[in-house]
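> How does the following fold in three dimensions:
(2 chains)
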Amino acid sequence: MTIFAMLTSKVTGTVDTPDIDDTTSFWRWDFAWEVLPEMLRSFIQVTLLVTVVGTLIAVVLGLAIAILIRVLPRPLAWFITWVANFIRMTPIVVQLLVVFYGFVWMEPMTIALLVYGVHYSTYMSEVYRAGIDSVPTGQWEATTALSMPATRVWSRVIIPQALRSTVPSLGNYAISMFKDTPFLIAISVMEMVTTALEIGGFTYRYIETITIAGLIFLVASYLTAVLVNRLEKRLAYKH
Amino acid sequence: MQHVIEFQDVEKRYGDKTVLKDLSFTIERGERVTLIGPSGSGKTTVLRLVMTLEELTGGYVFIDGKPLAYEQRGGKRVPVSKRDQKQLRTRIGMVFQHFNLFPNMTVIENMIEAPVHVLGKSKADATERAHELLAQVGLPDKVDAHPTSLSGGQQQRVAIARALAMDPEILLLDEVTSALDPEVVGDVLQVLRDVAATTNVTMLIVTHEMSFARDVSHRVMMLDGGKIIETDDAETIFTNPSNERTQQFLSAVLRND
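Numbers count the residues shown, from 1 in each chain, chains lettered A, B, ... in the order given. A predicted model of the protein is given here:
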């Protein structure tokens, strides 16, 4: 019997659980294989989706924040800095809950994408800021000497050079976003770890599901790290 | 006749440290002028003020008679509009001590970026001109090279070509050989001698290469403590300086030459 069937049949109480009552085995492969598809489904539909879309939002918005703080007049730049610090220094769970209860008409999944994207954009803006600061003064001076317009200065000189040093840190934040997704339970979005607990709740077997969740996280994080590493190499200056 | 560069009572302060004080001079079209003087005398600051890399804290700078940073309006000293300043700045090019090529672009990309996006040249025209200039500086085969793969001397020659690609009226050379290995200094200076001989671009030069200064410049200005203490044609300054401070300075540097 599949776990999926078990989840759906829980109300009727007709669950056939002879194997699962075996609480003496520490680890059961047949059970692990049985729950794997369900775990993967929740990983892809929730964890991966939130992380990928969240990272995209954070990467773009973070860069926008870093540039705006640099180019806007003082009072506006200070305001943006203050808002970004405020978001960065409050827990993501609190932010999820505030938006969840404050904007009840919003889909929980939409809230998830927005909150994770915006929350991490404030971290990434700091990374970008450091990257922008690491571009040597001489590069700015060369753009002045060539009278380059601000848009070209940023798009062709500063951002490409700043990105080189930021890619590893941005990758780390993407990975840490993966690991923050279990907080989604706060707004009743079932991601992978919640699914694991739920299955455990019906079957009294937690080891397999939780271990699988951990392994999926590990593989996903590892693949992300590999991807980031490749990107970093591609951005390195050619000789 | 209109001066290409005019400094009028220029003052430059960093905090309470005054680097230039009541500095006034003029440079004519096509003239090549070298600034000499001990370190800290303000030579580089003069160049950086012309390139608008430094804020002008007092006085006025005119390029072709037009105010570059500040102007006098209604008896008050007011900043020039950003747009006017940018317009005027396109006539000025600068070569830096540390080259400052863009490492994320190839040589040709470095060279056509500003001609295409600032002067509005077509990509084809800019590329053709870039090829000519690279040939002129002796690097015709480095078109698609990345700056990081070039030696210091080669990078500096590309930087000179990049500045010339903007067809500047004024070329500022800020200690362009100071960061180079001794054996490649000659190549770079030869390129500049060639530029001096074949164009009539106005040059304002800061260098420690006294024989180069003597060969290339029409006029030499000796700066000390933020003031011009002597200015004369190159020959006179180097053979028969009248100011005692200039004599001391030259005998000290020429001994090491």
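> hey, let's count contacts and neighbours off CA atoms from now on
Will do.
> Show me what from chain A comes close to chain B.
A:138-139, A:141-142, A:144-149, A:152, A:157, A:160-161, A:237-239 (Cα under 8 Å from any Cα of the partner chain).
> let's see it at 7 Å
With Cα under 7 Å from any Cα of the partner chain as the criterion, chain A meets chain B at residues A:138-139, A:141-142, A:145-148, A:157, A:160-161, A:237-239.
> neighbour-wise, which of these leads?
A:Leu146 (28 neighbours; other Cα atoms under 10 Å in any protein chain shown).
> With adjacent residues omitted, what lies nearest to that one?
Nearest non-adjacent residue to A:Leu146, counting by Cα to Cα, 6 or more residues apart in numbering or on different chains: B:Ala114, 6.0 Å away.
> quick one: average confidence on the strand or helix carrying that neighbour?
Secondary-structure assignment from DSSP states H and E places B:Ala114 in helix B:107-117. Averaging pLDDT along helix B:107-117 gives 97.
> ditto for stretch A:211-219
The model assigns stretch A:211-219 a mean pLDDT of 92.
> What of stretch B:180-199?
On average, stretch B:180-199 scores 92.
> Stretch A:187-197 now?
Taken as a whole, stretch A:187-197 carries a mean pLDDT of 89.
> Now do the SS call for residue 99.
Because you didn't say which chain, this covers chain A. The three-state assignment at A:Val99 reads helix, by DSSP: H, G, I helix; E, B strand; the rest coil.
> Hmm, no, I was thinking of chain B.
Relying on three-state DSSP, one would call B:Phe99 coil.
> so where do the helices sit in chain B?
B:43-50, B:82-89, B:107-117, B:123-136, B:152-164, B:182-198, B:210-216, B:234-239, B:244-256 (DSSP state H).
> give me the low-pLDDT residue ranges for chain A?
Scanning chain A for pLDDT under 70 picks out the ranges A:1-23, A:238-239.
> could you give the angle of the helix holding B:Ala114 to helix B:123-136?
130 degrees (axes from the mean of the first three to the mean of the last three Cα atoms, to 10 degrees).
> by contact count, what packs against helix B:107-117?
helix B:123-136 (3 or more Cα pairs under 7 Å, 6 or more residues apart in numbering or on different chains; DSSP states H and E).
> mean confidence score for the helix it packs on?
The model assigns helix B:123-136 a mean pLDDT of 96.
> Packing partners of it?
helix B:107-117, helix B:152-164.
> Distance check, the most centrally placed residue in chain A against chain B.
For chain A, the residue nearest the mean C-alpha position is A:Met177 (2.9 Å; Cα atoms, centre = their mean). Relative to chain B, A:Met177 is positioned 30 Å away (criterion: Cα to the nearest Cα, to the nearest Å).
> cool, A:Ile207 as well?
Distance from A:Ile207 to chain B, by Cα to the nearest Cα: 50 Å.
> Skipping its backbone neighbours, what lies nearest that residue in space?
Nearest one to A:Ile207, counting by Cα to Cα, 6+ apart, is A:Trp27 at 6.9 Å.
> mind checking how far the longest helix anywhere in chain A is from the chain centre?
The helix that spans the most residues within chain A, counting by DSSP H, is helix A:207-235. How far helix A:207-235 lies from its chain's middle: 12 Å, per Cα atoms, centre = their mean, to the nearest Å.
> if we can go back for a sec, which residues does the helix holding B:Ala114 contact?
A:146, A:148, B:101-102, B:121-123, B:126-127, B:130, B:142-147, B:162, B:165-166 (Cα atoms under 7 Å, 6 or more residues apart in numbering or on different chains).
> Which members of the residues you listed are classed as buried?
By neighbour count, with 16 or more other Cα atoms under 10 Å in any protein chain shown, the contacts of helix B:107-117 hold A:146, A:148, B:101-102, B:126-127, B:130, B:142-143, B:145-147, B:162, B:165-166 as buried.
> Number of residues surrounding A:Val189?
As a burial measure, A:Val189 scores 18 neighbours (other Cα under 10 Å).
> B:Gln248 now?
Considering only other Cα under 10 Å, B:Gln248 is surrounded by 11 other residues.
> Quick check: the nearest residue to B:Arg13 once chain neighbours are set aside vs chain A, distance?
Leaving aside its chain neighbours, B:Arg13 sits nearest to B:Val19 (5.7 Å; criterion: Cα to Cα, 6+ apart). Using Cα to the nearest Cα, one gets 20 Å for the distance from B:Val19 to chain A.
> from what I can see B:Val19 touches B:Lys227, true?
No. When contacts are counted by Cα atoms under 7 Å, B:Val19 is not listed as touching B:Lys227 (8.9 Å).
> Please name every helix or strand in contact with the longest helix of chain A.
Judged by 3+ Cα pairs under 7 Å, 6+ apart, helix A:207-235 is in contact with helix A:29-42, helix A:159-180, helix A:192-203.
> so which of those helices comes closest to B:Pro182?
helix A:159-180 (29.9 Å; Cα to Cα).
> what's the closest one in contact with?
A:47, A:51, A:55, A:124, A:127-128, A:131-132, A:134-135, A:221, A:224-225, A:228, A:232, A:235-236, B:104.
> May I have it exported as CSV, CA atoms only?
Extracted C-alpha coordinates of helix A:159-180, given in CSV (Å, rounded to 0.1, in the frame of the first residue of the first chain):
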residue,chain,number,x,y,z
ILE,A,159,28.7,44.9,-12.2
PRO,A,160,30.6,42.4,-14.3
GLN,A,161,33.7,42.9,-12.1
ALA,A,162,31.7,43.0,-8.8
LEU,A,163,29.9,39.8,-9.7
ARG,A,164,33.1,37.8,-9.9
SER,A,165,33.7,38.1,-6.2
THR,A,166,30.0,37.8,-5.2
VAL,A,167,29.1,34.5,-6.9
PRO,A,168,30.3,32.2,-4.1
SER,A,169,28.5,34.1,-1.4
LEU,A,170,25.3,34.4,-3.4
GLY,A,171,25.5,30.6,-3.9
ASN,A,172,25.8,30.1,-0.1
TYR,A,173,22.7,32.2,0.4
ALA,A,174,20.8,30.1,-2.2
ILE,A,175,21.8,27.0,-0.2
SER,A,176,20.8,28.5,3.0
MET,A,177,17.4,29.4,1.5
PHE,A,178,16.9,25.7,0.8
LYS,A,179,17.5,25.0,4.4
ASP,A,180,15.1,27.8,5.6
